[in-house]
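Student: using only what follows, build the 3D model:
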Amino acid sequence: MPGYQTVAAIQTPNLEHVKKKRRNTHQSRLKNHTGRMPYSRAVIICGNDSGPYGLMTLWRNRRKEVHQLDHKQNKGKVYLVGAGPGDIGLLTVKGRRCLEQADAVVYDFHLNAQVLNYINQEAEFIYAGKRGGHHTMTQDEINDMIVAKAKEGKNVCRLKGGDPFIFGRGGEEAERLHEEGIEFEVVPGISSSIAAPAYAGIPLTHRKYASTFAVIPGYEDTTKDSSAIDWAKLATGVGTLVFLMAVKNLPQLTAKLIKHGRSADTPVAVVRWGTRADQVTLVSTLGKVAEDVRAQDIRPPAVMVVGEVVKLRDKLSWYEQKPLFGVRVLVTRESIAGLEELDELGAELFAFPTIKVVDPEDFGPLDGAISAIVDGTRVPDWLVLTSGNAVERFFNRHFKLGHDIRDLHGIRVCAVGAKTAAKIEARGVRVDIIPEKFHAEGLAEAIAKEHGNTLEGVRFLMPRAEKGRDVFPEAVRKMGGEIEVPVAYRAERPKLRPRRLMRFLQQGRITVATFTSGASFTNFMDMVDGACDLLKDVAIAVMGPVTKKAVEEAGLTVDIMPERATMEALAEEIIKWADEGRKRKPKKCLQ
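Tutor: Model prediction:
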C-alpha cells in the first residue's frame with residue numbers, strides 16, 4: 001500500500017536515517033517486556049518528516065497497551081482521595097477524575113454531598129460513616145473493605161474529607177495496602193485546617209504576627225495522665241495553633257494552653273462548617289472561648305484558630321461578606337451553566353440532577369433526515385435548534401456519519417436563545433434568526449415574518465427531545481409548512497441517592513430549589529420521598545409557564561420565574577429575590 005511499510009521491513013527512502021541498531025533495540029525491548037513481538041504486522045504512516053518518530057510513537061503506544069493489559073490481569077488499585085473541606089470548587093481535578101473512573105467508592109460523612117454526583121452511578125457506594133464518635137464501620141473494617149474490593153479487581157476510591165494524610169488515618173490505610181501488595185495512590189486534598197481559616201479571613205501566617213503554625217488534633221482523651229502532645233512547648237513555641245475536632249474538649253484544651261503560658265487574652269476564632277453556605281465564625285479569647293461556644297451552641301465540625309492572626313479577620317473577612325452568602329441553591333439539571341454568577345456572589349450550588357440526557361433508542365429518523373440533506377433528496381429551508389442539547393446531539397451525529405459543515409450549505413438556521421446560538425456558531429455555522437421570545441410560539445412568529453407571514457411550501461428540520469412540545473410543529477403545519485421532528489436525544493431519570501438532599505431539606509439548609517422543565521420537577525417528586533412536604537419551606541424558582549404549571553398542580557407555589565426562559569435570566573431573578581428580602585410564598589401540598 002503506498003505510503004505504508006511494515007516495521008519489520010523498513011526499506012522506504014523516507015526512513016533511511018533510522019539506524020538498524022535502533023530498530024532492533026526497540027524491538028528487543030518490546031520483546032523483553034511482553035515475551036513476544038508486539039505485532040505480527042505493525043503498520044506506521046511514513047512521511048518525509050516522520051523518521052524515527054513514527055517508531056517511537058508506535059513503541060510508546062504499545063507500552064501503554066501492555067501496561068493496561070497487565071493492570072487488568074492484576075489486582076485492582078486504590079486511590080486515597082482528599083475531597084477537600086466542603087466547597088465543591090476546592091475538589092482537585094485529579095480527585096474528580098478518580099471518582100468518575102472508580103468501580104467502588106468508600107466514603108465518609110463529612111463531605112459535600114455534591115461530590116458524590118461525580119461518581120459513576122454504576123459504581124458501588126459504600127458508606128463508612130466516621131462522624132464525631134458515631135462510626136458505621138471501624139477503621140479495621142474499613143481497611144478490610146478496601147482490600148477486599150481491590151482484590152476483586154476493582155478500582156477503589158477511598159474518599160475522605162479534607163486531606164487523607166492529615167488526621168484522616170490515610171497513612172494506616174496505605175500501610176495495610178502495602179502489606180497486601182495492592183497498588184495505591186494518594187491524591188491530596190485541601191485540609192480544613194487551612195481552608196476554614198482562609199474563608200473566615202484569617203491567614204495562618206503573617207510577617208507581623210506569626211511565622212509558624214501547627215495543626216493539632218483536639219480529640220485526645222484529656223483524662224489521660226500522659227499526652228502525646230508537648231503542651232509546654234506548643235503553648236508558647238508556635239505562632240498560630242489550629243485545632244481540628246476540638247469542640248467537645250474545648251474547656252480542657254484552652255485550660256492546658258493557659259496553664260503552660262499562653263495568655264488568656266490571646267485572640268481565638270472558631271469556624272463551623274468552613275467554606276460552606278452554613279459557615280459560622282465566632283471570635284473570642286482563649287480564656288472565654290469555651291463559654292462562648294457553649295452559649296452560641298457551636299457544634300462540630302469546627303476548626304479553632306489560636307493566635308494574633310485572628311485580629312486580621314476584621315480587615316480580611318471576604319466570604320461572609322458576599323451578597324448571597326448563606327444561600328444554598330438546589331440545581332436539578334445536569335449542568336450549572338448559566339448559574340455561575342450565583343456562585344460568584346457567594347451562593348452554594350447543590351447539584352442533584354433529576355434528568356439525564358441520553359441517546360435516542362433509535363437513531364433511524366435522525367440519520368435519515370441527515371442523509372436526505374447530504375444526498376439532496378429532502379433538504380429543509382430551515383434547521384431549527386431550540387436548546388444546547390439539540391445542538392450537541394445533531395452536530396455530533398452529523399459528524400459521526402462522516403459528514404461535515406459543507407453539507408449544510410444553503411440551509412438557514414434558527415436558534416432559541418443566545419446560548420444555543422453561541423453553541424451553533426462555535427461549530428462554524430452562522431445563525432440567521434434568534435427570536436426575541438425564547439419559546440416555540442415566538443419562534444413560529446419570527447420565521448413567519450421572513451416569509452410574508454405564511455409558511456406555504458417551507459420545509460423545516462427540528463431535531464429535538466423525545467417528548468418535546470408540539471406547539472411549534474403544529475404552528476408550522478397550520479401555516480402550510482412541512483416539518484420533520486426526529487428525536488435527537490431523550491431524557492431519563494438518573495440513579496441518584498437522595499439521602500443527603502433529604503437531610504438538608506429537613507434541616508432547612510436548602511434556600512432555593514430550581515426546576516427548568518416540567519420533567520425535572522416531576523422526576524424530583526418521584527425520586528425524593530415526601531418531596532412536597534420538604535419543599536414547603538423552600539423558595540421555588542422555575543423556568544417557563546409549563547414548569548410553573550407542573551409545580552402548581554402539586555399544590556406548591558412558585559416564588560421566582562424570569563420572563564426570559566434562560567438560565568442567566570433565572571440567576572438574575574434569584575439575585576433580585578435575595579436582595580428584596582428572600583421572601584417565600586406559603587405552600588400547601590395536594591399530593
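
Student: count of residues packed around A210?
Tutor: A count of neighbours around A210, defined by other Cβ atoms under 10 Å, yields 17. The way it works is simple: take the backbone N, C-alpha and C, and place the C-beta from them, glycine included.

Student: wouldn't it be in contact with G237 here?
Tutor: No: A210 is beyond contact range of G237, at 11.8 Å (criterion: Cβ atoms under 8 Å).

Student: residues touching L496, list them.
Tutor: 117, 121, 352-354, 527 (Cβ atoms under 8 Å, 6 or more residues apart in numbering).

Student: out of the residues you listed, which is most surrounded?
Tutor: Counting neighbours by other Cβ under 10 Å, T354 comes out on top of the contacts of L496 with 27 neighbours.

Student: OK, contacts around that residue?
Tutor: Listed by Cβ under 8 Å, 6+ apart, the contact set of T354 reads 332-333, 493-494, 496, 519-521, 523-524, 527.

Student: which regions of the protein lie under the pLDDT threshold?
Tutor: By pLDDT under 70, the weakly predicted segments of the chain are 1-74, 113, 130-135, 222-223, 437-442, 588, 590-591.

Student: spatially central residue for it, please.
Tutor: The centroid of the chain falls nearest to Y118 when counting by Cα atoms, centre = their mean (5.4 Å).

Student: ok, for that residue, nearest residue in space, not its chain neighbours?
Tutor: Residue nearest to Y118 in three dimensions, not counting chain neighbours: L99, with 4.4 Å by Cβ to Cβ, 6 or more residues apart in numbering.

Student: and the gap between V270 and E291?
Tutor: Using Cβ to Cβ, to the nearest Å, one obtains 12 Å as the distance from V270 to E291.

Student: what of A302?
Tutor: Per Cβ to Cβ, A302 is found 15 Å from E291.

Student: repeat for S284
Tutor: Applying Cβ to Cβ, the value for S284 to E291 is 8 Å.

Student: what of N117?
Tutor: Applying Cβ to Cβ to N117 and E291 gives a distance of 40 Å.

Student: quick one on the thing from earlier: which residues touch the residue nearest to Y118?
Tutor: Counting by Cβ under 8 Å, 6+ apart, L99 has contacts 81, 105, 115, 118-120, 157, 159.

Student: go again with 6 Å.
Tutor: If you count contacts by Cβ atoms under 6 Å, 6 or more residues apart in numbering, L99 has them with 118-119, 157.

Student: just the residues you listed: which are in strands?
Tutor: Applying DSSP state E to the contacts of L99, the entries found in strands are C157.

Student: closest to I202 out of the contacts of L99?
Tutor: Using Cβ to Cβ, Y118 comes nearest to I202 of the contacts of L99, at 29.7 Å.

Student: circling back: quick one: the residue nearest to Y118 is in a strand?
Tutor: No: L99 is assigned helix when assessed by DSSP: H, G, I helix; E, B strand; the rest coil, not a strand.

Student: what about R272, neighbour count?
Tutor: Residues lying near R272 (other Cβ under 10 Å) number 21.

Student: that one pairs with what?
Tutor: Beta bridges link R272 to V280, A302 when assigned by DSSP bridges.

Student: are any of the contacts of T354 buried, and which?
Tutor: Using 16 or more other Cβ atoms under 10 Å as the burial test, those include 332-333, 494, 496, 519-521, 523-524, 527 as buried.

Student: will you turn those into JSON lines that also has distance to G171 and secondary structure?
Tutor: Shown next, in JSON lines, are those (distance: Cβ to Cβ, whole Å; DSSP: H, G, I helix; E, B strand; the rest coil):
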{"residue": "T332", "distance to G171": "39", "secondary structure": "coil"}
{"residue": "R333", "distance to G171": "40", "secondary structure": "coil"}
{"residue": "P494", "distance to G171": "36", "secondary structure": "coil"}
{"residue": "L496", "distance to G171": "33", "secondary structure": "coil"}
{"residue": "A519", "distance to G171": "47", "secondary structure": "helix"}
{"residue": "S520", "distance to G171": "43", "secondary structure": "helix"}
{"residue": "F521", "distance to G171": "46", "secondary structure": "helix"}
{"residue": "N523", "distance to G171": "43", "secondary structure": "helix"}
{"residue": "F524", "distance to G171": "41", "secondary structure": "helix"}
{"residue": "M527", "distance to G171": "39", "secondary structure": "helix"}
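
Student: export these to a markdown table and tack on distance to K585?
Tutor: Shown next, in a markdown table, are the buried ones among the contacts of T354 (distance: Cβ to Cβ, whole Å):
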| residue | distance to K585 |
| --- | --- |
| T332 | 19 |
| R333 | 23 |
| P494 | 29 |
| L496 | 28 |
| A519 | 23 |
| S520 | 20 |
| F521 | 16 |
| N523 | 23 |
| F524 | 19 |
| M527 | 24 |
